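Undergrad: below is the sequence, then the predicted model.
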Amino acid sequence: MPEVVERLARSGVSVTVERGAGEAAHHPDDAYEGAGATLGDGFSGEVVAKVAPPSADEIGRLGRGSVLVGFLQPLTAHDTVRALAEAGVTSFAMEAIPRITRAQSMDALSSQATVGGYRAALIAAQQLPRFFPMLTTAAGTVRPAKVLVLGAGVAGLQAIATARRLGAVVQAFDVRSAVKEQIESLGARFLELDMGLEDAEAAGGYARPLTDEEQQRQRELLAEEIGKVDAVVSTAAVPGRPAPLLVTEQAVRNMKPGSVIVDLAAETGGNCELTEPGETVVREGVTIVGPLNLASTMPDHASSLYARNVQSLLELMVKEGELSLDFEDEILAGACITRDGEIVHEGARKAAGAEVS
Ligand code: NAD
């Protein structure tokens, strides 16, 4: 974003932007030049910031000892992580930044999930052949739509808030009991399932994977509840794993024809058994949407939030205009994936090793 270029320039950093990089977010090249950037080879910097994991060709363009910042999918993109280590790149994954208070301004997972949750609720409203709000008209009263949100993390809470603003009656479910209060504060109901589950919160505020029996029980209980709603927005995820299966084929069959499922977990396989990632399909009369990379459908705000996240991280790396990496800092240490030719992030190392064996 041009405004971030300007802020970086003020702190003594010179910025090179690839031609056309901001076009989709409605920032032409001359806006970057006006903010003090040079247009040129974006891979030539001491620090290279991008959005998605680098391709093999892009890794080849990074110099040994250069620093890379971006969404690197450290737990699943094993080949990329190995190639970055071999290329001697010091890489930092936005998704590995510890979710501590001091790092909140760098939390790109949250900023992009906010976009995704908002968009998912809008897609549900758009696809549903009914109103979301209650309406009293001369031709009779329209009942409000019933929406169920599965997974109430950052994306789920935003989907709840958006569906509520559109007037739907919203219920939500999560395996972490801490979210009950957050769901209720948004005017939605916490769906209690008699799963015999106390709480499934693990380290860092994330959910732990459920056991096979717990999952089975959850699916059965949910199938009944799903049959009572007009739309489901599913956002359940466990970091580094395929999305948990929550909506079975039977649950889809239980829904009324014309109902909608928006499966935000499509990117990691989907929460619904019938989701086809990247497609919108109609099964058993139910429209099932499996969107990929929803953040890119709202590029202006997705980019401005992401740019601020990256700027905050860069501010930790630069002292008086010079690159200075302090690996004693828990944020830099936690987010670092490769360094000095090694995979230094424990989760990424284990994941990469696990794939080999
Ligand atoms: P996520 O994208 O990994 O998961 C989305 C949601 O799915 C989570 O709420 C999770 O509990 C839920 N889920 C997992 N398995 C499920 C199942 N079987 N059934 C139903 N729900 C299931 O998570 P996220 O949104 O990135 O973050 C989760 C939490 O992390 C936040 O709500 C918060 O507590 C914490 N967090 C902390 C900070 C911070 O302190 N800076 C920032 C962001 C998030």
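TA: Sure, I can see it. Numbers count the residues shown, from 1 in each chain.
Undergrad: hey, let's count contacts and neighbours off CA atoms from now on
TA: OK.
Undergrad: and the helix or strand containing Thr287, which residues are buried?
TA: Counting by DSSP states H and E, the element that carries Thr287 is strand 286-289. Of all the residues in strand 286-289, those buried under the rule 16 or more other CA atoms under 10 Å are Val286, Thr287, Ile288, Val289.
Undergrad: so which other helices or strands are in contact with that strand?
TA: strand 260-263, strand 280-283 (3 or more CA pairs under 8 Å, 6 or more residues apart in numbering; DSSP states H and E).
Undergrad: picking up where we left off before, within reach of the ligand, which of the buried residues of strand 286-289 are there?
TA: Among the buried residues of strand 286-289, none lies close to the ligand by the criterion of CA under 6 Å from any ligand atom.
Undergrad: how about the residues of the stretch 101-250 of the chain by the ligand?
TA: Taking CA under 6 Å from any ligand atom as the contact definition, the stretch 101-250 of the chain meets the ligand at 101, 104, 110, 150-155, 173-176, 205-207, 235-239, 244.
Undergrad: can you pull the phi and psi angles for Val142?
TA: Dihedral pair for Val142: phi -100, psi 130, per degrees, to the nearest 10.
Undergrad: number of residues surrounding it?
TA: With neighbours defined by other CA atoms under 10 Å, the count for Val142 comes to 14.
Undergrad: wait, it touches Thr136, no?
TA: Yes: contact criterion CA atoms under 8 Å: Val142 and Thr136 qualify, at 6.3 Å.
Undergrad: pull the contacting residues for Ala231.
TA: Applying CA atoms under 8 Å, 6 or more residues apart in numbering, one finds that Ala231 lies in contact with Ala124, Leu128, Ala145, Lys146, Val147, Leu148, Ser259, Val260, Ile261, Val262.
Undergrad: and the pLDDT at the second one?
TA: Which is Leu128. On the pLDDT scale, Leu128 is placed at 98.
Undergrad: which stretches of the chain form helices?
TA: Secondary structure of the chain (DSSP state H): helices at 2-10, 29-34, 56-60, 78-86, 108-127, 154-165, 179-185, 212-226, 249-254, 299-317, 330-335, 346-356.
Undergrad: so can I have CSV of the ones you listed showing mean neighbour count?
TA: Putting the helices of the chain into CSV (neighbours: other CA atoms under 10 Å) gives the following:
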stretch, mean neighbour count
helix 2-10, 18
helix 29-34, 17
helix 56-60, 13
helix 78-86, 20
helix 108-127, 22
helix 154-165, 24
helix 179-185, 16
helix 212-226, 16
helix 249-254, 18
helix 299-317, 19
helix 330-335, 19
helix 346-356, 15
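Undergrad: Serialize the ones you listed to TSV and add fields for distance to Asp194.
TA: TSV is the format used below for these (distance: least, CA to CA, whole Å):
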stretch	distance to Asp194
helix 2-10	49
helix 29-34	55
helix 56-60	48
helix 78-86	38
helix 108-127	26
helix 154-165	21
helix 179-185	15
helix 212-226	8
helix 249-254	17
helix 299-317	38
helix 330-335	37
helix 346-356	33
